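In: dropping the sequence and predicted coords here.
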Amino acid sequence: MTERPVSTGLSRRRALVSLAATGGGLMGAAFAQAAPGPVAAPRAPEGERKAEPNASHPSPADQPGATAHPVIRTQSDAFYRPTVHYSPESGFMNDPNGLVHDGSVYHLYYQYDPFAPYAGHVHWGHATSKDLLSWQDQPIAINETPAGEAFTGCAVLDAQNSSGLFKEGQSGLVALYTRATPKKQSQYLAISEDGGQSFHDIAQNPVLDIGSNSFRDPQVIFHEPTRQWVMVVAKSRLHQIAFYASIDLRHWVHLSDFGPSGLYGVDYECPNLIEIPVEGGGSRWVLFISVNPGGPTGGSITQYFVGSFDGSRFTPDDTVIGLTDFAKDAYALQCYQNMPGKQAVSIAWLGNWQYCQELPTQSWRGCMTLPRLMTLRHDSAGWLRLAQAPRGLETLREAPIAFTCQRLAAGASASVPLPPGVALELVLSATVDQMPPNLPLGDKGRTGRFVIVFGNDMGENLTIGFDAFSGQLWIDRADLNGFKQPFFTGQFSTPLNADDRHFDIRLVLDACTLEVFANGGLSVGTALLFPANPLSFLKLEATGAGASIETLGLYRLRKVMPRETAL
Ligand code: FRU
């Protein structure tokens with residue numbers, strides 16, 4: 001292993017930010033890179049770059065022979081910056097880590113390269129919140145060290161000092177995470193004695209090492225019935241999730257392995273095990289596994305299995321794989337530990353390894369999904385499936401935007417101008433009329449679509465549409481012009497209920513992010529969006545058949561991220 005120097009705090013981050021210049025001009029082609037012009041991104045010194053990638057997503061800034069990329073702050077950095085989704089001030093962010101409620105605040109740690117808008121030199125960034133929506137930045141909590149980068153992991157509240165690592169009678173946060181070098185990935189334990197602000201590795205590390213360079217992303221829960229800590233951790237290339245038990249968080253005994261099971265993919269990553277309530281009573285265990293690349297929509301995807309867990313083995317109820325998303329920008333889902341009221345709440349990285357390092361922002365890249373409350377629900381076909389809903393979002397609603405429309409005749413539309421630079425929530429349910437009888441053969445597929453259009457006068461359109469004939473929903477981001485890349489595909493779709501001309505949807509549009517919750521949250525689509533110009537109107541259209549609108553609410557959402565944004 002080539003040893004790297006311990007990173008010295010944020011001096012290079014400051015250097016990065018001071019290199020930033022404010023761009024001028026409009027969006028899109030006019031994103032002029034203003035003086036002082038492109039500046040080389042900080043790179044790991046020669047001889048310290050990785051000899052080989054250690055994951056399915058090598059860092060371009062860190063590869064031998066890679067070209068240094070310019071890092072400047074442009075107007076697009078503010079234009080695309082979400083106002084209600086967490087994103088880092090600068091640098092590159094991927095997976096959420098260490099999601100825990102410590103009894104008073106929520107912690108969000110995250111995979112973070114503070115030096116450049118590319119993956120590499122991974123530290124744990126940190127933010128805290130009282131409500132999971134409004135976040136305060138905190139100093140980096142875990143550094144890259146000569147032992148490796150600080151890859152994904154979890155944090156638990158060791159309330160009883162079962163680790164024996166805290167002073168007599170005291171409790172504290174314990175992080176379990178992967179230290180990664182090109183040759184080795186092993187599990188480390190670090191404790192925090194300052195309420196989660198910083199962690200220090202214990203001398204006994206690694207606490208779990210199987211001599212593999214593809215063994216990562218531990219998540220630990222306390223399993224009440226067996227009174228032990230249980231870890232799930234990915235043997236990534238073997239497509240297996242290993243289960244371990246411990247009573248002190250420091251000594252781990254192998255229990256069982258789950259898999260290979262599910263999508264082929266390349267790497268299995270970020271496993272998460274959680275008990276989730278079933279609507280109407282009872283609960284089941286759910287095992288989430290992120291797969292990259294190899295998702296059916298391309299690149300990164302999170303799959304899940306519903307089953308039982310007896311303290312040592314996870315047994316799926318059937319051979320069905322669920323996907324948390326029908327689009328492609330929700331990855332590395334992690335569940336909150338120690339949630340008040342035992343709610344099942346998750347946050348995922350709102351990104352995809354296929355293009356996350358090429359997005360049209362320059363000084364920052366990466367954001368998180370909204371926190372999502374999870375339940376299990378029997379769908380109309382009887383399958384027990386994950387339902388997701390943005391948690392607490394109503395508290396950010398400002399006065400509704402006046403927009404009334406109860407009925408659209410076939411071919412009619414209704415529109416409303418949108419306020420610029422604010423996040424919007426749309427809540428809508430509608431029923432598309434029965435198709436007219438005696439249609440010529442071949443026309444049945446066009447017998448009723450309800451289309452939600454967010455557009456502008458430059459011809460850019462984002463559409464979310466419901467096809468009543470087939471009971472399917474689509475998202476189409478292809479007519480937005482701010483970012484083109486072969487993997488940045490345009491259309492995604494999901495079935496809703498068969499033979500049902502009614503649909504319901506709740507969506508949040510926030511700068512470069514779209515989250516769609518349809519069918520009461522059984523179908524969720526998360527998509528990055530890069531319009532070249534602001535989307536200035538919302539239009540509802542009925543094509544082929546008329547539609548009755550039962551619910552229509554359009555809200556501005558209060559900005560909670562203290563960042564430079566479009567407004
Ligand atoms: C998932 C992942 C993890 C790894 C981390 C590195 O996106 O590849 O498996 O720990 O990112 O940043």
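Out: Noted; the coordinates are in hand.

In: okay, now the residue in the stretch 351-500 of the chain that the ligand sits nearest to: neighbour count?
Out: The ligand sits closest to residue 353 of the stretch 351-500 of the chain, with a gap of 6.6 Å, by Cβ to the nearest ligand atom. Glycine gets a C-beta too; all of them are placed from N, C-alpha and C. Close neighbours of residue 353, defined as other Cβ atoms under 10 Å, add up to 22.

In: you'd agree it is up against residue 291?
Out: No: between residue 353 and residue 291 there is no contact under Cβ atoms under 8 Å: 10.8 Å.

In: where do the contact lists of the two overlap?
Out: Residues touching both residue 353 and residue 291 (Cβ atoms under 8 Å, 6 or more residues apart in numbering) are residue 300.

In: by mean pLDDT, point me to the weakest helix or strand of the chain.
Out: helix 11-19 (a mean of 35; mean pLDDT, DSSP states H and E).

In: measure how far whatever helix or strand comes next after that helix is from the centre of its chain, please.
Out: Next helix or strand after helix 11-19 toward the C-terminus (DSSP states H and E): helix 75-79. From the chain centre to the centre of helix 75-79 is a distance of 21 Å (Cα atoms, centre = their mean, to the nearest Å).

In: only C-alpha atoms, please: export helix 75-79 in CSV.
Out: Presented in CSV, the C-alpha positions along helix 75-79 are these (Å, rounded to 0.1, in the frame of the first residue of the first chain):
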residue,chain,number,x,y,z
GLN,A,75,-23.4,31.3,-12.1
SER,A,76,-24.7,27.8,-12.8
ASP,A,77,-23.4,26.8,-9.3
ALA,A,78,-26.0,29.1,-7.8
PHE,A,79,-28.7,28.5,-10.4
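
In: who does the helix or strand following it touch, helix- and strand-wise?
Out: With elements assigned by DSSP H and E, the helix or strand that comes after helix 75-79 is strand 91-101. Counting contacts by 3 or more Cβ pairs under 8 Å, 6 or more residues apart in numbering; DSSP states H and E, strand 91-101 is packed against strand 106-113, strand 123-129, strand 149-158, strand 172-180, strand 331-335, strand 345-349, strand 364-365.

In: want to throw these into TSV with mean pLDDT and mean neighbour count?
Out: Formatted as TSV, these follow (pLDDT from 0 to 100; neighbours: other Cβ atoms under 10 Å):
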stretch	mean pLDDT	mean neighbour count
strand 106-113	98	26
strand 123-129	98	22
strand 149-158	98	26
strand 172-180	98	26
strand 331-335	98	27
strand 345-349	99	26
strand 364-365	96	24
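
In: next, format those strands as CSV and append distance to residue 529.
Out: Conversion of the helices and strands packed on strand 91-101 to CSV gives the following (distance: least, Cβ to Cβ, whole Å):
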stretch, distance to residue 529
strand 106-113, 21
strand 123-129, 23
strand 149-158, 26
strand 172-180, 32
strand 331-335, 17
strand 345-349, 16
strand 364-365, 15
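
In: looking at those strands, which is closest to residue 166?
Out: Nearest to residue 166, of all those, is strand 172-180, at 4.8 Å by Cβ to Cβ.

In: name every strand pairing with the closest one and say which way it goes.
Out: Strand 172-180 has the following strand partners under DSSP bridges: strand 149-158 (antiparallel), strand 185-192 (antiparallel).

In: and residue 254, what is it in contact with?
Out: So residue 254 contacts 242, 243, 244 (Cβ under 8 Å, 6+ apart).

In: let's see which of these end up in strands.
Out: With DSSP state E as the criterion, strands contain 242, 243, 244 from among the contacts of residue 254.

In: quick one: secondary structure of residue 500?
Out: coil (DSSP: H, G, I helix; E, B strand; the rest coil).

In: quick one: buried residues of stretch 159-172?
Out: By 16 or more other Cβ atoms under 10 Å, the buried positions in stretch 159-172 come out as 161, 162, 163, 165, 166, 171, 172.

In: equivalent analysis for stretch 199-217, please.
Out: Within stretch 199-217, the residues scored as buried using 16+ other Cβ under 10 Å are 199, 201, 202, 205, 206, 207, 208, 213, 214, 215, 216, 217.

In: show me the contacts for the fourth one.
Out: Contact criterion Cβ under 8 Å, 6+ apart gives 147, 179, 186, 188, 189 as the residues in contact with residue 205.

In: then residue 522?
Out: 377, 379, 385, 386, 387, 496.

In: can I get the helix or strand encompassing the first one in CSV, CA atoms only?
Out: Meaning residue 377. Element membership for residue 377, per DSSP H and E: strand 372-378. Extracted in CSV, the C-alpha atoms of strand 372-378 (Å, rounded to 0.1, in the frame of the first residue of the first chain):
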residue,chain,number,x,y,z
ARG,A,372,-38.4,10.1,3.5
LEU,A,373,-40.8,8.3,5.9
MET,A,374,-41.1,4.7,4.9
THR,A,375,-43.9,2.2,5.5
LEU,A,376,-44.8,-1.1,3.9
ARG,A,377,-48.1,-1.3,2.1
HIS,A,378,-50.0,-4.0,0.1
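
In: residues touching it, excluding its own?
Out: Contacts of strand 372-378 (Cβ under 8 Å, 6+ apart): 274, 276-280, 283-284, 286, 306, 335, 343-348, 384-391, 520, 522, 524.

In: so which of those residues sit within strands?
Out: Reading strands off the contacts of strand 372-378 with DSSP E, I get 274, 276-277, 283-284, 286, 306, 335, 345-348, 384-390, 524.

In: secondary structure element for the residue lying closest to residue 452 once chain neighbours are set aside?
Out: Spatial nearest neighbour of residue 452, excluding adjacent residues (Cβ to Cβ, 6 or more residues apart in numbering): residue 464 at 4.5 Å. Secondary structure assignment for residue 464, by DSSP H and E: strand 461-467.

In: in stretch 425-442, which residues are buried?
Out: Buried residues in stretch 425-442, counting neighbours by 16+ other Cβ under 10 Å, are found at 425, 426, 427, 428, 430, 431, 432, 433, 435.
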